[in-house]
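S.K.: dropping the sequence and predicted coords here.
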Amino acid sequence: MKTVLITGANRSIGLEIAKQLAAKGYFIYIGSRNLAKGEEVVNQLKAQGLANLKAIELDVTNPGTISAAAEVVEQEKGSLDILINNAGILGSIPQTATEADVNMIKDVFETNLFGIIQVTQAFLPLLKKSAMPRISNITSGLGSLTLHSNPEWPYYPFKATAYITSKAALNMYTIALNYELRDLPFKVNAIDPGYTATDFNHHQGPGSVHDAASFIITHTDTLADAPTGKFFSPDIKDDSKISPW
């Protein structure tokens, strides 16, 4: 049975990922900043017939909760097979490059970049004990420098400074992390779930949470010959689904 940790998993895409992976028979740690909310969704999922789920307090901006969560996983499972860094925030809108509040930008980076780095580093020792370790950093097509430089791209006008720069930085961290782990059986990828209708965007996206979670799982729960160090997006038309950085 594979062991999975998903950050920000008590709602939206993270919760749907947990549901789909639990249905495959994996043991899922639902990382939640608020433990009570995490336990509430675990009870709901168990009532739906799913098993092997546990809520775990994990605030990616709080090193204490990160280290405590790592200790729980080590004591209970001894290793970790899949880490899905799903937690993220948008920040207040508008976010113009000329007037965005620097402290707000720092807050976005604290969750979207530094939090992911802290979680990844804390759980790397447990991931290294897995035969097929996987790290998926949930990013956004809005983090692509190439696409944001193309005036014909549909989302070209959306230049939310804090969010898009945090995701571009996360993409670069994914590349660096994959490089450092290249001699181990890791698969480290950045995955864009697409423009999905969630609480995050006031349910404005055209995509469904179910499809977004399925796409993430497809490019996370992979075989030994699968690509690594890539940026996947459902918006890419060819079968590879590999997005330009």
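M.R.: Cool, the structure landed. What you are looking at is a predicted structure, and each value in this text was computed from that prediction instead of being measured.
S.K.: Thr220 belongs to a helix?
M.R.: No: using DSSP: H, G, I helix; E, B strand; the rest coil, the assignment for Thr220 is coil, not a helix.
S.K.: center of this protein, which residue is that?
M.R.: The centroid of the chain falls nearest to Asn86 when counting by C-alpha atoms, centre = their mean (2.5 Å).
S.K.: so what's that one closest to, chain neighbours aside?
M.R.: Gly14 (4.2 Å; C-beta to C-beta, 6 or more residues apart in numbering). C-beta: built from backbone N, CA, C; applies to glycine.
S.K.: helix, strand or coil for that neighbour?
M.R.: helix.
S.K.: I figured it hits Gly88, correct?
M.R.: No: counting by C-beta atoms under 8 Å, Gly14 does not reach Gly88; the two are 9.5 Å apart.
S.K.: what residues do the two have in common as contacts?
M.R.: Shared contacts of Gly14 and Gly88 (C-beta atoms under 8 Å, 6 or more residues apart in numbering): Gly8.
S.K.: circling back to that earlier point, what's the residue nearest to the centre of the chain in contact with, if anything?
M.R.: Shown in contact with Asn86 (C-beta under 8 Å, 6+ apart): 6-9, 13-14, 17, 138.
S.K.: what do you get for Thr228?
M.R.: By C-beta under 8 Å, 6+ apart, the contact set of Thr228 is 178, 182, 186-189.
S.K.: among the residues you listed, which lie within helices?
M.R.: Among the contacts of Thr228, the residues falling in helices (DSSP state H) are Asn178.
S.K.: so which residues of this structure form helices?
M.R.: With DSSP H as the criterion, the chain has helices at 12-23, 35-47, 63-76, 102-109, 115-127, 145-148, 161-180, 209-218.
S.K.: coming back round to it: can you flag which of the contacts of Thr228 belong to strands?
M.R.: Secondary structure assignment by DSSP state E places 187-189 of the contacts of Thr228 in strands.
S.K.: can you select the buried ones from those residues in ChimeraX?
M.R.: Burial among the ones in strands among the contacts of Thr228 is assessed by 16 or more other C-beta atoms under 10 Å; the matching ChimeraX selection reads:
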select :187,188,189
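S.K.: just the ones in strands among the contacts of Thr228 now: which is nearest Val72?
M.R.: Of all the ones in strands among the contacts of Thr228, Val188 has the smallest distance to Val72: 23.4 Å, by C-beta to C-beta.
S.K.: nearest residue to that closest one other than its sequence neighbours?
M.R.: Asn178 is the one closest to Val188 (C-beta to C-beta, 6+ apart), at 3.9 Å.
S.K.: what separates that neighbour from Gly229, distance-wise?
M.R.: As judged by C-beta to C-beta, to the nearest Å, Asn178 and Gly229 stand 4 Å apart.
S.K.: can you check Phe27 too?
M.R.: To Gly229, Phe27 is 27 Å away according to C-beta to C-beta.
S.K.: Pro154 too?
M.R.: For Pro154, the distance to Gly229 - C-beta to C-beta - is 26 Å.
S.K.: quick one: which of these two has more around it?
M.R.: Legend: neighbour count by other C-beta atoms under 10 Å for Pro154 and Gly229, higher for Gly229 (17 against 11).
S.K.: residues in contact with that one?
M.R.: Here Gly229 is in contact with 174-175, 178-179, 182, 188-189 (criterion: C-beta under 8 Å, 6+ apart).
S.K.: now tabulate these in a markdown table and tack on distance to Pro244 and pLDDT.
M.R.: Below are these laid out as a markdown table (distance: C-beta to C-beta, whole Å; pLDDT from 0 to 100):
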| residue | distance to Pro244 | pLDDT |
| --- | --- | --- |
| Thr174 | 14 | 98 |
| Ile175 | 13 | 98 |
| Asn178 | 16 | 98 |
| Tyr179 | 18 | 98 |
| Arg182 | 21 | 98 |
| Val188 | 18 | 98 |
| Asn189 | 14 | 98 |
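S.K.: now flag whichever of those residues is closest to Asn34.
M.R.: Nearest to Asn34 among the contacts of Gly229 is Thr174, at 27.3 Å by C-beta to C-beta.
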